[in-house]
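Peer 1: What shape does this take:
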Amino acid sequence: MKLLITGICGFVGAHLARRWVEAGHQVIGIDNLIRPGAQLNRDALKGMGVKVLHGDIRMASDFEALPSVDHVIDAAANPSVLAGLDGKSRSRQVVEHNLLGTINILEYCRRVGAGFVLISTSRVYAIEPLAGLPLVVSNGAFRLDESKPLPPGVSAEGIAEDFSTRAPVSLYGATKLASEVMALEYGEAFGLSVRINRCGVLAGAGQFGHAEQGIFSFWLHSYCGRRPLRYINFGGHGHQVRDALHPEDLYRAIELQLRSSDSALPRVMNLAGGAGQSMSLLELTEWCERRWGRHTIGSDPGGRRYDVPWMVLDARLARDALGWRPTISLEAILGEIADHAESNPNWLDICLN
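Peer 2: Now for the predicted structure:
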């Protein structure tokens with residue numbers, strides 16, 4: 001196969017590129033290199049023979065000279081739920097990166113007849129019903145209170161694909177949801193293969209850890225380096241829960257999608273670690289304490305916009321349709337990140353510059 005990866009110098013894009021090169025496929029990529037640390041991945045990929053082009057998906061002209069490929073993997077985005085509101089980016093920039101950029105990619109796919117895979121997000125799911133889920137605290141973490149009625153699309157397995165996506169979902173979530181709709185419409189209108197993967201928290205060594213994006217990596221690197229950390233919102237106790245997925249398992253799922261000729265394969269799937277690979281911040285701190293000793297964690301009980309107490313994705317649809325399930329455990333993911341943190345004590349200085 002010949003593949004184009006947008007955002008190829010990011011954490012996910014770079015991992016996918018390396019794996020497909022190792023599998024003998026031809027990979028090219030485009031990246032605007034604005035993310036601190038992206039140059040490290042660019043150099044490594046070029047050393048593997050990957051053609052990495054400096055370009056911006058917001059610019060339609062940057063696609064004009066690209067060669068034809070079989071599939072495009074869209075891993076380019078401003079991935080922060082606070083994008084457009086955090087003072088680091090503006091609302092128009094979020095829309096241009098995450099929606100208009102997708103449209104430019106889809107136009108390229110239409111022109112060359114390429115399949116399209118969108119790396120989407122759990123943040124397309126509606127915030128108000130997520131914030132109102134019946135929860136109890138058990139062993140330092142929020143858990144679903146299954147003795148009370150649950151909204152449609154929620155079970156002990158997590159949030160399923162039919163959970164509400166009504167606003168508000170954040171500017172970030174709205175641009176990704178709109179990108180999903182446009183991708184599906186392009187697929188129907190022009191006969192393109194379209195796959196949309198709603199991912200939970202992706203985590204592993206080498207991630208450019210940010211509190212709003214790569215919380216597992218950010219927390220472990222910060223704890224290992226004895227940097228300030230604090231529990232924010234929900235009383236400041238660290239009970240909020242997320243699941244984790246290694247990019248290797250994402251790669252395996254996309255490989256199955258690209259190789260499937262089943263026209264009935266669901267076009268929208270959750271890809272995530274699920275309930276079995278979920279953990280609260282307090283539990284994550286306890287893991288860190290066992291490895292590195294005690295470190296004081298601050299507390300900020302005040303609210304933070306768009307935050308939700310429990311976000312675990314139900315990936316049973318991918319399991320049933322693809323025969324896929326995560327193979328890299330949460331314990332292995334955390335160990336990999338911890339090893340990287342110990343070997344790269346200045347990592348946060350690079351990626352948070």
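
Peer 1: Now name the helix or strand holding L53.
Peer 2: Assigning secondary structure by DSSP states H and E places L53 in strand 51-54.

Peer 1: Identify each buried residue in that strand, please.
Peer 2: V52 (16 or more other Cβ atoms under 10 Å). For glycine as for every other residue, the C-beta is placed from the backbone atoms N, C-alpha and C.

Peer 1: Check which helices and strands it is in contact with.
Peer 2: strand 26-31, helix 38-47 (3 or more Cβ pairs under 8 Å, 6 or more residues apart in numbering; DSSP states H and E).

Peer 1: Quick one: residues in contact with the first one.
Peer 2: Under the contact criterion Cβ atoms under 8 Å, 6 or more residues apart in numbering, strand 26-31 has outside partners 1-10, 13, 17, 20-21, 38, 42, 45, 50-55, 57, 62, 66-67, 69, 76.

Peer 1: try 6 Å
Peer 2: 2-9, 17, 20-21, 50-53, 55 (Cβ atoms under 6 Å, 6 or more residues apart in numbering).

Peer 1: In ChimeraX, how would I select just the buried ones from those?
Peer 2: Only the buried members of the contacts of strand 26-31 enter the following ChimeraX selection, criterion being 16+ other Cβ under 10 Å:
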select :3,4,5,6,7,8,9,17,20,21,50,52,55
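
Peer 1: Tell me which of the helices and strands packed on strand 51-54 sits most buried.
Peer 2: Stretch with highest mean neighbour count among those: strand 26-31 (a mean of 23; mean count of other Cβ atoms under 10 Å).

Peer 1: where's it relative to the chain centroid, distance-wise?
Peer 2: 19 Å (Cα atoms, centre = their mean, to the nearest Å).

Peer 1: List the strands paired with that strand, with their directions.
Peer 2: strand 2-6 (parallel), strand 51-54 (parallel) (DSSP bridges).

Peer 1: quick one: buried residues of the lengthiest helix in the chain?
Peer 2: When the chain is parsed with DSSP state H, its longest helix is helix 170-190. Going by neighbour count (16+ other Cβ under 10 Å), the buried part of helix 170-190 is 170-180, 182-184, 186-187.

Peer 1: for the next helix or strand after that helix, packing partners?
Peer 2: Sequence order places strand 194-199 as the next helix or strand after helix 170-190, per DSSP H and E. Identification of packing neighbours for strand 194-199 by 3 or more Cβ pairs under 6 Å, 6 or more residues apart in numbering; DSSP states H and E yields strand 115-121, helix 170-190, strand 268-271.

Peer 1: related to what we said a few turns ago, what's in contact with the strand holding L53?
Peer 2: I28, G29, I30, R42, L45, K46.

Peer 1: Which member of these is positioned nearest L313?
Peer 2: G29 (26.8 Å; Cβ to Cβ).

Peer 1: For the closest one, name its beta-bridge partners.
Peer 2: I5, V52.

Peer 1: can you pull out the helices in the protein?
Peer 2: 11-22, 38-47, 91-95, 101-112, 127-131, 170-190, 215-224, 247-259, 281-292, 316-322, 330-343, 347-351.

Peer 1: I'd like the helices and strands packed on strand 51-54 as JSON lines, with distance to G323 and mean pLDDT appended.
Peer 2: Shown next, in JSON lines, are the helices and strands packed on strand 51-54 (distance: least, Cβ to Cβ, whole Å; pLDDT from 0 to 100):
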{"stretch": "strand 26-31", "distance to G323": "25", "mean pLDDT": "97"}
{"stretch": "helix 38-47", "distance to G323": "30", "mean pLDDT": "93"}
